[in-house]
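>>> pasting the structure only:
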Ligand SMILES: NC(=O)C1=CN([C@@H]2O[C@H](COP(=O)(O)OP(=O)(O)OC[C@H]3O[C@@H](n4cnc5c(N)ncnc54)[C@H](O)[C@@H]3O)[C@@H](O)[C@H]2O)C=CC1
Ligand SMILES: CCCCC/C=C\C=C\C(=O)C/C=C\C/C=C\CCCC(=O)O
């Protein structure tokens, strides 16, 4: 039987705005039992929580103020969800920041370290070989993981690291043992605040280094629907591209082949 959101307990980091918020709404619309969304932005989190409680009832959605770079806050947030709902089925790691290299430490801490900490925490809770019920972890990467633009080298590297970490962890922790799928989605430009952030220096804002082929950003709805489609069908260790309002494309073989070529060269 194929995967559905029905009765699932879901946790989304960076869920107060943008693609994370779109996912929170969609999981609830698809009948998830409960969606907890973590974010540093208290104002946006509280506003979204009000909207969702009016629409879906008080018990179905909860905003938890949490900075994903703080391991204690993150651990507390997972514990709150587990204590209340006794299980966790899906974790989407969407929290991220973008900027030029002057924001390098923050980008590494939020985009990479936050995703790693949350993924390992989620795996330890959900893994079937340690008392969990299995589940899915979706790590949000970017097309920038494959090809950076000027002034986005650190951001792009964090997204490359998210992709590599997720795939290596999926190899290390066999799905047949854990029953937890670890999946990476690489999004193309999507119409959210992140894409329009002004904490980029002038050359990035002017678009230097971005090719003339760069097209209109896709709709948030396309990224959200693509991610849901991926959760419905993806295998653990797979990589997907969701860009240009197209349906999700499985690029697992391309990613594996590119690393196979490199590892063959470096085999001693
Ligand atoms: N918008 C785009 O063009 C693309 C976005 N992505 C990725 O999609 C994901 C979602 O991005 P968007 O929705 O576009 O961005 P967004 O800026 O709209 O949403 C990101 C959310 O993360 C939260 N956040 C930031 N730092 C945090 C922290 N330390 N702890 C907890 N929450 C924190 C923000 O407050 C915000 O609500 C990110 O991982 C991003 O890298 C990937 C490719 C393209
Ligand atoms: C012109 C300003 C660019 C600012 C971009 C800011 C954030 C981007 C975040 C992303 O993750 C974007 C995702 C993918 C971009 C992919 C390709 C861009 C085009 C690259 C090129 O063709 O040179």
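All right, it came through fine. Please read these numbers as outputs of a predicted model, since none were measured by experiment. Numbering: from 1, shown residues only. Ligands and ions are numbered 1, 2, ... in the order given.

>>> alongside ligand 1, which residues does the stretch 151-268 of the chain contribute?
Contacts of the stretch 151-268 of the chain with ligand 1, taken as CB under 6 Å from any ligand atom, map to 187, 189, 190, 192, 193, 194, 195, 217. (C-beta placed from N, C-alpha, C; glycine too.)

>>> mind picking the two most distant members of these?
Farthest pair in those (CB to CB) is 187 and 193. Separation: 14.3 Å.

>>> quick check: buried residues in the longest helix seen in the chain?
Longest helix in the chain by number of residues (criterion: DSSP state H): helix 153-172. For helix 153-172, the neighbour count (16 or more other CB atoms under 10 Å) marks 154-163, 165-167, 169-170 as buried.

>>> pretty sure residue 233 sits against residue 2.
Yes. The pair residue 233 / residue 2 is scored as a contact, 7.3 Å apart, by CB atoms under 8 Å.

>>> neighbour count: these two, which is higher?
Higher neighbour count among residue 233 and residue 2: residue 233, with 13 against 5, using other CB atoms under 10 Å.

>>> quick one: that one from ligand 2, how far?
According to CB to the nearest ligand atom, to the nearest Å, residue 233 and ligand 2 sit 23 Å apart.

>>> beta-bridge partners for the residue nearest to residue 42 when sequence neighbours are not counted, please?
Distance criterion CB to CB, 6 or more residues apart in numbering; nearest residue to residue 42, sequence neighbours excluded, is residue 65 at 5.4 Å. Per DSSP bridges, the residues bridged to residue 65 are residue 39.

>>> show me how far the helix or strand containing residue 107 is from its chain's centre.
If you go by DSSP states H and E, residue 107 is part of helix 104-107. Centroid separation for helix 104-107 versus its chain: 17 Å, with CA atoms, centre = their mean, to the nearest Å.

>>> ok, residues contacting that helix?
Helix 104-107 is contacted from outside by 96, 97, 98, 99, 154, 155, 158, using CB atoms under 8 Å, 6 or more residues apart in numbering.

>>> how near is the fourth one to ligand 1?
Remark: distance between residue 99 and ligand 1 (CB to the nearest ligand atom) = 11 Å.

>>> pop out the phi and psi values for that residue.
The phi and psi values for residue 99, taken as degrees, to the nearest 10, are phi -180, psi 180.

>>> isn't it up against residue 153?
No. With contact defined as CB under 8 Å, residue 99 does not reach residue 153; the gap is 11.5 Å.
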